[in-house]
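Participant: Got a sequence here, can you build the structure:
(one chain, ligands or ions: 1)
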Amino acid sequence: MSRLYARLDALRASTQLSLDQVLGQGGRGGTHQNRSERDSMAGMHSARLARLWAVENGLCFGRLDHTDQTSHYIGRIGLSDDRQRLLIDWRAPVAQPFYRATPASPMGLARRRHLQTRGRRVIGVDDDLFDLDGLSDDARATLNGEAALLASLAETRTGRMRDIVATIQAEQDRIIRADLPGVLVVQGGPGTGKTVVALHRAAYLLYTHREKLDRRGVLILGPNLTFLRYIEQVLPSLGETDVLLMTIGEMFPGLTATLRDRPEVAQVKGDARMAGVLARAVRDRQRVPAETIHLDLGRITLRLDRHICEGARSKAMRSGRLHNQARAVFVRQVLNKLARQAAKLLGRGVIDDDELADLREELRTEPAVKTALNRLWPYLTPHQLLIGLFTSRERLDYAAADFTPDERALMLRDSPQRGRPWYTESDVPLLDEAAELLGEIDEAVLRATALQNEEELAASRAAEEHERQFELTYAREVLQLTGLSDIIDAERFAERHSGDVSHLTTAERAATDRTWAFGHVIVDEAQELSPMAWRMVMRRCPARSMTVVGDIAQTGSTSGGRSWNAVLDPYTGGRWREERLTVNYRTPAELMAVAADVLAAVDPALEAPASVREAAEAPWSVRVASLAADLPGVVAAGLAAGTGGTMAVLVPESAMAELGAAVTAGVPGAVAGPGATTLEAPVAVLTVADAKGLEFDSVLVAAPDRILTESVRGASDLYVALTRATRTLGVVHTGPLPTVLARLAPRPAAP
Ligand SMILES: Nc1ncnc2c1ncn2[C@@H]1O[C@H](COP(=O)(O)OP(=O)(O)OP(=O)(O)O)[C@@H](O)[C@H]1O
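Facilitator: Numbers count the residues shown, from 1 in each chain. Sure, this is the predicted structure:
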């Protein structure tokens, strides 16, 4: 161990030296190209340094002793010195037996050793011996590194997901190391490690296909910002920092939509038919006037009639260009007709092409002509199209004629108000779709025509700020690593480099580019995505190299998937493969038995995953007179009885405000709703939707009857709620306990 850490220290020192040297040249100016090269060298060295620091804990966690007497140490990164390989990266093919070897198929191993470390010291070893004959069947079936695994699972949760690099199980390893191309679905019940496996797969793919993925990047989509915070430390702890983590609400650059529509509204907006609605909404803005428009130009008056507009419109539509580009065709056609009319009225008779062009350009700048053209075929941004559609009953009636009047009414909204967020998460795929239909508008046109409305200005300001933050973070990191932060101020350092994107990482560039095509996309909680969201995600991954992670039984969103076939076939022609995870590493067996009864109510054909652990305390229920009055007491008692760690109180959406307020008022340190402190708080009150993908040591589920009946996917929601706990589960109810929870015992009396 000491040899490995000595090598790590030496590498850190030499990388630091290289970085210092590069930055030492910083003050001497040089050409733009020199600066750019320097920046990218500095970026490379600092990324490497960050990677070397990230692996300090658990640098080496295993050893493989082969039957041919050779040995390999397995760790977070590969290390070698002049003479030999000291440590094998866990992702290298040589490391594979560490995760896959079984007594039945030892893969050339005599022994696999799991090392438990604290700091730089080994504090325990756990061996799997493979060269013993006559092992019992039970022993053959044991989990890989059982002691190490169970020790890791029993640890108190910190509110942040940790990597599992030392205890990856064989069924998980197969998924992590699956080939890059194609769409791989990872289906598995709660707690089977889908998320953590997907993150390790990202690290593995970056290691194995570094060149390709460094260029195109890897995108990981998660269900909400709290979830992203929950998982954000896993990849850096595996030495990978250049991966983009996002929610659907962030996928349109410049916007972070966190508002959530009511389920029935989200369902309508997520419906695949919305693609047709937006296409019609665009066509609706390509107008033919009902009556002739008279253009008063002073000396003459021109007639812009239906006939001229129809001709110009069909030519523009036939051009095959998108709306904003086809506008040029429409405008030219109309101006040609008007120019000929003008020539006639001015008594110029037949005119040649040059004269026609001159007249056209003159007319183009006439205010009356400009106004008419803008009414008939306006430049449109995605924001304008969507706001224009959702705030107008007439436009909705036309564009969404396929929807029922009730469905259209669900989409109708008030105009945006200054300073108030307007967009919801389900608007983001619609904005993206609109952008695809409209095409870009020239920057110069945008500025000249002052097209941007309030919303858009706010959006572009946000995009600029986003970019500035990247610059600042980068600058701060570099300055901190080099110890130069006292000398150069991060703001100035960032300013010097702004405008030059060569030093930005792939993930940073991809984040601000709506049309970026990723090398690989991982979608977590994929069952929640609506058909419109899938369209957007698929556009970001034309190569269809994807890992789709989820559990159909946990679908809470009414527009979410009911089967992977229905979700993926339209984009893959049925060519996707599925891997299943079957072991639950989170929820103890007694808790899972309760959840399994609820799963049977979702669909009797579904099978709950098998748990690897047992609970110290049986799950219980308690009936109270009033949730608002009594829940804080139950929470406080749970905290007093517990052994630390994290606790969540999961409540129905409709009771969130009331119960959140009650618990935060009655329990010190409690927080309500998703926010920056959710993961660190000793108690968090959350809706089931906000707890998706998260886990806590203790969970209290309040008002299960309301969770069940509040949504058409109520049983799935209750199933999710019951499977969030790693240790204890309590259910607090006022009316009779729902029959699906009959297995719960009454809460034991306090000692
Ligand atoms: N091989 C392993 N070694 C140690 N811990 C593991 C292993 N596999 C999974 N875990 C742990 O089990 C817990 C559940 O994992 P994860 O959140 O990835 O499950 P999931 O399938 O995404 O669950 P859900 O569908 O409920 O969100 C996590 O704490 C994870 O670290």
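
Participant: On the pLDDT front, check residue 169 for me.
Facilitator: Looking at residue 169, its pLDDT reads 90.

Participant: before we move on, could you check phi and psi at it?
Facilitator: phi -90, psi 160 (degrees, to the nearest 10).

Participant: For it, give its distance to the ligand.
Facilitator: Distance, residue 169 to the ligand, by CB to the nearest ligand atom, to the nearest Å: 5 Å. Every residue, glycine included, has its C-beta placed from N, CA and C.

Participant: quick one: that residue and residue 583 touch, right?
Facilitator: Yes. Contact criterion CB atoms under 8 Å: residue 169 and residue 583 qualify, at 7.0 Å.

Participant: if you count what's nearby, which of these two comes out ahead?
Facilitator: Ranked by neighbour count (other CB atoms under 10 Å), residue 169 and residue 583 place residue 169 first, with 21 against 17.

Participant: ok, now which ones touch residue 273?
Facilitator: 402-403 (CB atoms under 8 Å, 6 or more residues apart in numbering).

Participant: May I see the buried residues of stretch 352-368?
Facilitator: By 16 or more other CB atoms under 10 Å, the buried positions in stretch 352-368 come out as 359-360, 363, 366, 368.

Participant: Run through the strands of the stretch 551-700 of the chain in chain order.
Facilitator: Assigned by DSSP state E, counting those that start in this stretch, the stretch 551-700 of the chain shows strands spanning 576-581, 583-584, 610-611, 620-623, 647-651, 671-672, 683-687, 696-702.

Participant: make that the stretch 1-150 of the chain, sorry
Facilitator: Using DSSP E, counting those that start in this stretch, strands in the stretch 1-150 of the chain cover 60-66, 71-75, 79-80, 85-89, 109-118, 121-129.

Participant: Show me which residues of this structure sit near the ligand.
Facilitator: Residues of the chain found near the ligand (CB under 6 Å from any ligand atom) are 149, 152-153, 161, 164, 167-169, 172, 188, 190-196, 551, 554, 585-586, 693, 695, 723.

Participant: Tell me the pLDDT of the most centrally placed residue in the chain.
Facilitator: Closest to where the C-alpha atoms of the chain average out (CA atoms, centre = their mean) is residue 221, at 2.2 Å. pLDDT, residue 221: 96.

Participant: so it bridges to which residues?
Facilitator: residue 246, residue 523 (DSSP bridges).

Participant: From what I see, it and residue 248 are in contact.
Facilitator: Yes. Counting by CB under 8 Å, residue 221 does reach residue 248; the two are 6.6 Å apart.

Participant: From residue 527, how far off is residue 566?
Facilitator: The gap separating residue 566 from residue 527 is 11 Å, by CB to CB, to the nearest Å.

Participant: Compare those two and say which is more crowded by neighbours.
Facilitator: residue 527 (26 against 11).

Participant: thinking again about what came up before, residue contacts, the residue nearest to the centre of the chain?
Facilitator: Neighbours of residue 221 in contact, by CB under 8 Å, 6+ apart: 246-248, 251, 521-524, 537.

Participant: what's the closest of the strands of the stretch 1-150 of the chain to residue 22?
Facilitator: strand 79-80 (23.3 Å; CB to CB).

Participant: Listing partners with orientation, what would you give for the closest one?
Facilitator: By DSSP bridges, strand 79-80 pairs with strand 85-89 (antiparallel).

Participant: mind listing what's buried in the strand it pairs with?
Facilitator: Using 16+ other CB under 10 Å as the test for burial, strand 85-89 gives 86-89.

Participant: And stretch 368-383, by the same measure?
Facilitator: So for stretch 368-383, counting by 16+ other CB under 10 Å, buried means 368-369, 372-373, 376-383.
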